[in-house]
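1. My questions concern the predicted model and sequence given below.
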Amino acid sequence: MIHARPIMARFQQIVRVLADGKVHTSTQLAASLEVHHKTVMRDLEHMRDRLSVPIQSIQGRGYQITGKVTLCDACLRPVKRGKA
């Protein structure tokens, strides 16, 4: 069974995979994340368009990062909320 992974954890994993400089298909990324390829497509679009991650789409080949990306680990950790 495939379990949903928190979105920021997926973003972090996508960056880690793409950081190798190689071109990866959405199917390859989906397999490594254990999610549907459409989820990866939405994540890539969000990362590129809203977070300005330099992800390039290479038609017929896949995706790669074309610049330097730094992810703040503290920004990706879930917020622990205390009792109100």
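-> The structure has been received and is ready for your questions.
2. ok, residue 13 to residue 19 distance?
-> Per Cβ to Cβ, to the nearest Å, residue 13 is found 11 Å from residue 19. Bear in mind the C-beta positions are built from the backbone N, C-alpha and C, glycine included.
3. More neighbours: which of those two?
-> Set residue 13 next to residue 19 and count neighbours by other Cβ atoms under 10 Å: residue 13 wins out with 17 against 13.
4. Leaving out the residues flanking it, which one is nearest to the more buried one?
-> residue 33 (5.8 Å; Cβ to Cβ, 6 or more residues apart in numbering).
5. Can you read off the backbone torsions of that neighbour?
-> phi -90, psi -10 (degrees, to the nearest 10).
6. What is the neighbour count of it?
-> Around residue 33 there are 19 residues (other Cβ under 10 Å).
7. same check, this time on residue 6
-> Each residue near residue 6 was counted by other Cβ under 10 Å, and the total is 10.
8. And for residue 62?
-> Neighbourhood size, residue 62 [other Cβ under 10 Å]: 17.
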